[in-house]
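Peer 1: What would the 3D arrangement of this be:
(2 chains)
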Amino acid sequence: MRRVVITGSGTINPLGHSVPETYEAMREGRCGIDELDIRDVERLSIRIGGQVKGYNPDRRFNRQQQALYDRFTQFTLIAAEEAIAQSALEFSGHLAAQSGVVLGTSGGGLNTQDENYRAVYEEGKNRVHPFIVPKLMNNSAASHLSMNYNLKGPSFTVATACASSNHAMGQAFWLIRSGAATAIVTGGSESMLCFGGVKAWEGLRVMSRDACRPFSANRNGMVQGEGAGIFVFEEFEHAKARGAGILAEVVGFSMTSDAADIVMPSQQGATRAISGALKDARIGAEEVGYINAHGTGTAANDKTECAAVSKVFGHHADEVMISSTKSMHGHLIGGTGAVELLACLMALNDGIIAPTIGYEEPDPECSLDVVPNEAREAQVSHVLSNAFAFGGQNAVLALKSM
Amino acid sequence: MSGVKERVIEIIAEQAVLEPSDVSLDQSLEELGVDSMGLVEAIFSIEESFDIQVPFNANEPEKSDFDISSVATVVATVEKLVAEQAD
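Peer 2: Numbering: from 1, shown residues only, chains lettered A, B, ... in the order given. Have a look, this model is predicted:
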């Protein structure tokens, strides 16, 4: 079976506009969650979020590009530029035909939808810009990546809410492992921090008004974030032959469905996804040193996730480190697993485990080593990244250091 | 405060798929078969019906001023919120 490695990584998220900036923030346990700066924020009851700060699209994209690139596409292209530059791949000829894009997003061009519904319903306009459809469609970011980098193999977008990125990266892994592709640009992007996006989440009454405190007994909900994480997945022999720098090997992936409830997570579905990833990777639980948790900071997710990890890991559950970086960057919904994979790469390559910040009170139902508040130095050889979506769609990735 | 009790019972009954006459004040929402999704929908209907804001976070129901332990406590809380609104 062909092996799959990661040869490039890129990001823009509430913690930084690049991978090094993000690693620095994760090492320092910095919080990227702040007061929301969006139109009509005074009509929202949830007024915090992990926004990408200091970002001016005019400095990155010209007017014609901005007419076609929703904010989630802009984030994708910025992160991809960093990832593809690091991989040093140039896509032409046979390689271009064997390379593609698999991205995760939940809301797609939600800002574009929000702005244009305002225009026609609130402002009563009878005309919208001609490019609204190609700008808002969920596959637009994948398409622009394919066009900009000449990626001519399989390209598509996966939408499984909060697990979209993990599902996407899992598909990328499978495409390469099976021989259907040589390289896939993959990951995810989300930009839902607009009035309509936050208002919709508010209605569900699962959002925190003050902070995201995963695993802490006093946690009171999730906080939304935005941004993108993009990676270059490449067939191992291809990467080796060209002397590429390898960030990690992707060794396992598993998807399961709860088949139970549209919002409440199931311990059984999570358990099966975690054990499935270990089985696919042909590793034992005791080899895993770190788990990047889904860790949303809701009452339901965190206790269910801890129970699932305890069930799969048995005695080793007391030794494995598990942290939720959502405490720092918020929940990037369809882009979250991609930004969180960076914490996995940092653990494997730098020996630094990103912390769960905002941790204040132990919860007996989450009694694992959640790496509270401060990053930790530790050598780990294998890591997992969990994602459990609304709708009961679960996806877990297993990575190994090279 | 006429009508508040009747309307709240109507809303809860709708979520429980019962007739309002089958809902009694001492029952809990759980006994009536209203789950967490039903509760959030009921709160939405209450807010829309009375034009009030109900402070409720599903992550920490016990910390909320919105007491959901029985139909009677829900009615009492809504009456209080409606009265505050009128002030």
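Peer 1: For the rest of this, base every contact and every neighbour count on C-alpha atoms.
Peer 2: Fine.
Peer 1: Check whether the residue nearest the centre of chain B sits in a helix, strand or coil.
Peer 2: The centroid of chain B falls nearest to B:Val74 when counting by C-alpha atoms, centre = their mean (4.3 Å). Classification of B:Val74 by DSSP: H, G, I helix; E, B strand; the rest coil places it in helix.
Peer 1: and the residue lying closest to it once chain neighbours are set aside, what element?
Peer 2: Sequence neighbours aside, B:Ile68 is the residue nearest to B:Val74 in space, at 5.5 Å (criterion: C-alpha to C-alpha, 6 or more residues apart in numbering or on different chains). Counting by DSSP states H and E, no helix or strand carries B:Ile68.
Peer 1: A:Val339 versus B:Ile68, what's the distance?
Peer 2: Counting by C-alpha to C-alpha, to the nearest Å, the separation of B:Ile68 from A:Val339 is 38 Å.
Peer 1: So those two - more neighbours on which side?
Peer 2: Applying other C-alpha atoms under 10 Å in any protein chain shown to B:Ile68 and A:Val339 shows that A:Val339 carries more neighbours, namely 32 against 19.
Peer 1: residues in contact with the residue nearest to A:Gly334 when sequence neighbours are not counted?
Peer 2: Closest residue to A:Gly334 apart from its sequence neighbours, by C-alpha to C-alpha, 6+ apart: A:Thr105 at 4.1 Å. Residues near A:Thr105 by C-alpha atoms under 8 Å, 6 or more residues apart in numbering or on different chains: A:138, A:157-161, A:164-165, A:188-190, A:333-335.
Peer 1: got a winner among the residues you listed for most neighbours?
Peer 2: Within the contacts of A:Thr105, most neighbours by other C-alpha under 10 Å means A:Gly188, with 41 neighbours.
Peer 1: Residue numbers of chain B in contact with chain A?
Peer 2: B:40, B:44, B:56-60 (C-alpha under 8 Å from any C-alpha of the partner chain).
Peer 1: Sketch out the strands for chain B, chain order is fine.
Peer 2: Assigned strands in chain B: none (criterion: DSSP state E).
Peer 1: ok so, going back, turn the contacts of A:Thr105 into JSON lines, including pLDDT, distance to A:Gln51 and secondary structure.
Peer 2: Output for the contacts of A:Thr105, formatted as JSON lines (pLDDT from 0 to 100; distance: C-alpha to C-alpha, whole Å; DSSP: H, G, I helix; E, B strand; the rest coil):
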{"residue": "A:Asn138", "pLDDT": "97", "distance to A:Gln51": "20", "secondary structure": "coil"}
{"residue": "A:Thr157", "pLDDT": "98", "distance to A:Gln51": "23", "secondary structure": "strand"}
{"residue": "A:Val158", "pLDDT": "97", "distance to A:Gln51": "23", "secondary structure": "strand"}
{"residue": "A:Ala159", "pLDDT": "97", "distance to A:Gln51": "21", "secondary structure": "coil"}
{"residue": "A:Thr160", "pLDDT": "98", "distance to A:Gln51": "22", "secondary structure": "coil"}
{"residue": "A:Ala161", "pLDDT": "97", "distance to A:Gln51": "19", "secondary structure": "helix"}
{"residue": "A:Ser164", "pLDDT": "98", "distance to A:Gln51": "19", "secondary structure": "helix"}
{"residue": "A:Ser165", "pLDDT": "98", "distance to A:Gln51": "19", "secondary structure": "helix"}
{"residue": "A:Gly188", "pLDDT": "98", "distance to A:Gln51": "16", "secondary structure": "strand"}
{"residue": "A:Ser189", "pLDDT": "98", "distance to A:Gln51": "13", "secondary structure": "strand"}
{"residue": "A:Glu190", "pLDDT": "98", "distance to A:Gln51": "11", "secondary structure": "strand"}
{"residue": "A:Ile333", "pLDDT": "98", "distance to A:Gln51": "13", "secondary structure": "helix"}
{"residue": "A:Gly334", "pLDDT": "98", "distance to A:Gln51": "15", "secondary structure": "helix"}
{"residue": "A:Gly335", "pLDDT": "98", "distance to A:Gln51": "13", "secondary structure": "helix"}
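Peer 1: contacting residues around stretch A:57-67?
Peer 2: Here stretch A:57-67 makes contact (C-alpha under 8 Å, 6+ apart) with A:74, A:131, A:135.
Peer 1: Surely the last one and A:Gln74 touch.
Peer 2: No: under the criterion of C-alpha atoms under 8 Å, A:Lys135 makes no contact with A:Gln74, lying 10.8 Å away.
Peer 1: Output the contacting helices and strands for the longest helix belonging to chain A.
Peer 2: In chain A, taking DSSP state H as the definition, the longest helix is helix A:71-87. Counting contacts by 3 or more C-alpha pairs under 8 Å, 6 or more residues apart in numbering or on different chains; DSSP states H and E, helix A:71-87 packs against strand A:4-12, helix A:140-149, strand A:183-190, strand A:227-235.
Peer 1: Please name whichever of these is nearest to chain B.
Peer 2: strand A:183-190 (24.2 Å; C-alpha to the nearest C-alpha).
Peer 1: Give me the angle between that closest one and strand A:4-12.
Peer 2: 40 degrees (axes from the mean of the first three to the mean of the last three C-alpha atoms, to 10 degrees).
Peer 1: in the helix or strand following strand A:183-190, what counts as buried?
Peer 2: Once the chain leaves strand A:183-190, the next helix or strand it forms, by DSSP H and E, is helix A:195-203. Residues of helix A:195-203 classed as buried by neighbour count (16 or more other C-alpha atoms under 10 Å in any protein chain shown): A:195-199, A:201-202.
Peer 1: One more: stretch A:200-214?
Peer 2: Those would be A:201-202, A:205-214, for stretch A:200-214 by 16+ other C-alpha under 10 Å.
Peer 1: want to throw those into JSON lines with secondary structure and pLDDT?
Peer 2: Shown next, in JSON lines, are the buried residues of stretch A:200-214 (DSSP: H, G, I helix; E, B strand; the rest coil; pLDDT from 0 to 100):
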{"residue": "A:Trp201", "secondary structure": "helix", "pLDDT": "96"}
{"residue": "A:Glu202", "secondary structure": "helix", "pLDDT": "94"}
{"residue": "A:Arg205", "secondary structure": "coil", "pLDDT": "94"}
{"residue": "A:Val206", "secondary structure": "coil", "pLDDT": "95"}
{"residue": "A:Met207", "secondary structure": "strand", "pLDDT": "97"}
{"residue": "A:Ser208", "secondary structure": "coil", "pLDDT": "97"}
{"residue": "A:Arg209", "secondary structure": "coil", "pLDDT": "96"}
{"residue": "A:Asp210", "secondary structure": "coil", "pLDDT": "96"}
{"residue": "A:Ala211", "secondary structure": "coil", "pLDDT": "97"}
{"residue": "A:Cys212", "secondary structure": "coil", "pLDDT": "98"}
{"residue": "A:Arg213", "secondary structure": "coil", "pLDDT": "98"}
{"residue": "A:Pro214", "secondary structure": "coil", "pLDDT": "98"}
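Peer 1: from the residues you listed, which are also near chain B?
Peer 2: Within the buried residues of stretch A:200-214, those near chain B by C-alpha under 8 Å from any C-alpha are A:205-208.
Peer 1: Return the closest of the residues you listed with respect to A:Ile262.
Peer 2: Closest approach to A:Ile262 among these (C-alpha to C-alpha): A:Val206, at 14.0 Å.
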